[in-house]
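**Q** Got a predicted model here, sequence first, then my questions.
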Amino acid sequence: MSNDPLVTDKEECTPLCEHVRLAVEEYFANLNGHSSGELYNLVMQEAEKPLIQTTLSHCGFNQSQTAIILGISRSTLRKKMALYNLD
């Protein structure tokens with residue numbers, strides 16, 4: 001059983017870091033000889049929008065609660081929502 005406080009199911013869940021590791025490995029495997037650049041920015045952009053969308057949905061689109069869960073200010077959340085057309 002996991003000691004991770006985010007694991008709420010009785011079954012063991014795959015940690016988020018494992019999903020990220022596998023996705024980055026797949027990304028490298030699919031480069032087919034092309035160079036990669038700005039991987040950090042790519043991963044952050046790919047992860048941020050679904051993170052915000054899913055958290056908003058989980059919170060019933062309550063922006064204050066979403067910001068608290070994400071650990072960002074409500075104004076930062078609203079800027080990111082506008083950036084990703086989530087308003």
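**A** Looks like it came in fine. Just so you know, these numbers come straight off a predicted model, no measurement behind them.
**Q** Could you check how far residue 60 is from residue 50?
**A** As for residue 60, its distance to residue 50 is 17 Å (criterion: Cβ to Cβ, to the nearest Å). For every residue, glycine as well, the C-beta is placed using N, CA and C.
**Q** do the same with residue 13
**A** Counting by Cβ to Cβ, the gap from residue 13 to residue 50 is 17 Å.
**Q** Repeat that for residue 42.
**A** For residue 42, the distance to residue 50 equals 14 Å [Cβ to Cβ].
**Q** same thing with residue 75?
**A** Taking Cβ to Cβ, one finds residue 75 at 21 Å from residue 50.
**Q** Going by neighbour count, which residues of the top helix by length along the chain are buried?
**A** For the chain, the longest helix by residue count, based on DSSP state H, is helix 39-58. Neighbour-count burial for helix 39-58 flags 52, 55, 56 (criterion: 16 or more other Cβ atoms under 10 Å).
**Q** What average pLDDT does it get?
**A** On average, the pLDDT along helix 39-58 is 93.
**Q** Equivalent analysis for stretch 70-87, please.
**A** 96.
**Q** Centre of the chain to it, how far?
**A** 13 Å (Cα atoms, centre = their mean, to the nearest Å).
**Q** Would you mind putting the CA coordinates of that stretch into PDB?
**A** Extracted in PDB, the C-alpha atoms of stretch 70-87 (Å, rounded to 0.1, in the frame of the first residue of the first chain):
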ATOM      1  CA  LEU A  70      -2.800  24.200  -7.500                       C
ATOM      2  CA  GLY A  71      -0.900  26.400  -5.000                       C
ATOM      3  CA  ILE A  72      -1.200  29.500  -7.200                       C
ATOM      4  CA  SER A  73      -3.000  32.800  -6.700                       C
ATOM      5  CA  ARG A  74      -6.400  33.200  -8.200                       C
ATOM      6  CA  SER A  75      -5.100  36.000 -10.400                       C
ATOM      7  CA  THR A  76      -2.400  33.700 -11.800                       C
ATOM      8  CA  LEU A  77      -5.000  31.000 -12.400                       C
ATOM      9  CA  ARG A  78      -7.200  33.500 -14.300                       C
ATOM     10  CA  LYS A  79      -4.200  34.600 -16.500                       C
ATOM     11  CA  LYS A  80      -3.400  30.900 -17.300                       C
ATOM     12  CA  MET A  81      -7.100  30.300 -18.000                       C
ATOM     13  CA  ALA A  82      -7.100  33.100 -20.500                       C
ATOM     14  CA  LEU A  83      -3.800  31.900 -22.000                       C
ATOM     15  CA  TYR A  84      -5.300  28.500 -22.700                       C
ATOM     16  CA  ASN A  85      -8.800  29.800 -23.500                       C
ATOM     17  CA  LEU A  86     -10.400  28.100 -20.500                       C
ATOM     18  CA  ASP A  87     -12.600  31.000 -19.500                       C
END
